[in-house]
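> Sequence first, predicted coordinates after that:
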Amino acid sequence: MNIERPSESWSDYQLIDSGGFEKLERFGRYTMIRPEPKALWNKAMSS
């Protein structure tokens, strides 16, 4: 199993949730939803 994670220098990065082919991420003061084809599971947070 290969676990992907951001670089240690990304101190302002946070993965908030993922699933449903998307990921909810925070980069500093910006929060965004981006496509993620590898997120095959259901999201933990409700919409």
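Received it, and whenever you're ready, just let me know what you need.

> Check what pLDDT residue 11 gets.
With respect to pLDDT, residue 11 scores 81.

> again with residue 47
So, for residue 47, pLDDT stands at 63.

> And for residue 40?
Predicted confidence (pLDDT) for residue 40: 94.

> tell me which element it is part of?
Using DSSP states H and E, residue 40 falls within no helix or strand.

> Kindly provide the distance from residue 5 to residue 21.
Distance, residue 5 to residue 21, using CB to CB, to the nearest Å: 19 Å. All C-beta spots, glycine's among them, are computed from the backbone N, C-alpha and C.

> which one of these two has more residues nearby?
It is residue 21, of residue 5 and residue 21, that has more neighbours when counted by other CB atoms under 10 Å, with 13 against 8.

> Do I have it right that the more buried one meets residue 40?
Yes. Between residue 21 and residue 40 a contact is recorded at 7.4 Å, counting by CB atoms under 8 Å.

> residues of stretch 35-47 that come out buried?
By neighbour count with 16 or more other CB atoms under 10 Å, stretch 35-47 contains the buried residues residue 36.

> State the number of residues packed around residue 26.
By other CB under 10 Å, 13 other residues sit near residue 26.

> How about the contacts made by it?
Shown in contact with residue 26 (CB atoms under 8 Å, 6 or more residues apart in numbering): 12, 13, 14, 16.

> Quick check: closest non-adjacent residue to the third one.
The spatial neighbour of residue 14 that comes closest, neighbours along the chain excluded (CB to CB, 6 or more residues apart in numbering), is residue 26 at 4.3 Å.

> Bridge partners for the one you found, pull those for me.
Beta bridges link residue 26 to residue 14, residue 31 when assigned by DSSP bridges.

> ok, now residue 35?
Under DSSP bridges, the beta-bridge partners of residue 35 are residue 22.
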